[in-house]
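Engineer: When you get a sec, could you give me coordinates for this:
(one chain, ligands or ions: 1)
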Amino acid sequence: MGRLYNYIIEIMKKIVVLTGAGISVESGIKAFRSEDGLWENHRVEDVATHSAWFRNPQLILDFYNTMRAQLESKQPNRAHICLAEKEKDYEIVVVTQNVDNLHERAGSTHVIHLHGELTKACSSSNEIDEYCFVDIGYKPIKMGDKAKDGSQLRPQIVFFEEAVPNIEPAARQVETADIMIIIGTSMQVYPAAGLIRYAKRDTPIFFVDPKPQVQSQPNLTIIAEPASTGVDKAFELIDKL
Ligand code: APR
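Structural biologist: Model prediction:
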């Protein structure tokens, strides 16, 4: 069974999918770059930077506790589900900038989170030490909750000004992709937006976003639609390759 499984994986085409906030919009989760520049009524500098944690940890805990509690009632949409279903035909690796768990709940089995996960907590002294990660589900983190190293627990969110440890494994996946799909991202935040450059020159890239912001290149097909319909359209084209 093991050898047969390996053989099937070897002959399947590998698709690396980079997702951003846009894929979860139709699940009722707001994107980041709204017209007023605010994220859930807060300035990004107040709730998503390393320095903000030291300035006002209670605000950060409250902000992510609320978002985590709301996540429980959100459901994966057609786009998340389609990516999970396509694992029967393709080897699919999802690289997501999202901190929600909708890819996993849709059934995707290989998900790399670049910017952390809402349902995990980490040490506030060493945010990249996985030994200190704790699965907290949808529960709140309170002041006084401690990581294994004795430090205050904080959300396992990669804040601006912090390293992105999963960028290397993500880049290795993109380098070996036969096909790339990019869904619902403004391509404004690096290093995530730079992953497109790791694709081989002849790798077809499909970009699904109702307001696509990407430089055109010969192998790029833009599908200017919401994720739910756009991902189906991308696979209509991919299935014919
Ligand atoms: N389907 C697909 N895409 C959509 C939809 C939809 N229904 N609705 C909006 N979009 C697109 C927008 O057109 C935009 O291009 O989703 C994109 C969302 O862009 P951002 O809000 O900038 O989100 P993202 O690119 O994921 O941001 C990257 O920035 O704040 C940080 O860490 C945060 O991971 C996040 C990163």
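
Engineer: Just list the residues touching the residue nearest in space to the middle of the chain, thanks.
Structural biologist: Taking C-alpha atoms, centre = their mean, the centroid of the chain lies closest to residue 96, which sits 1.9 Å from it. Counting by C-beta atoms under 8 Å, 6 or more residues apart in numbering, residue 96 touches 18, 19, 20, 23, 103, 111, 112, 113, 114. Using the backbone N, CA and C atoms, a C-beta is placed for each residue, glycine as well.

Engineer: Same check on residue 120?
Structural biologist: Neighbours of residue 120 in contact, by C-beta under 8 Å, 6+ apart: 133, 134, 135, 136, 155, 156.

Engineer: same check, this time on residue 76
Structural biologist: 27, 84, 102, 103, 105, 106 are the contacts of residue 76 under C-beta under 8 Å, 6+ apart.

Engineer: Is it possible to get a markdown table of those residues that adds secondary structure and distance to the ligand?
Structural biologist: As requested, those are exported to a markdown table (DSSP: H, G, I helix; E, B strand; the rest coil; distance: C-beta to the nearest ligand atom, whole Å):
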| residue | secondary structure | distance to the ligand |
| --- | --- | --- |
| 27 | helix | 9 |
| 84 | helix | 17 |
| 102 | helix | 13 |
| 103 | helix | 13 |
| 105 | helix | 18 |
| 106 | helix | 15 |
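
Engineer: returning to what we had before: filter the contacts of residue 120 to the buried ones?
Structural biologist: Neighbour-count burial within the contacts of residue 120 applies to 133, 134, 136, 155, 156; the criterion is 16 or more other C-beta atoms under 10 Å.
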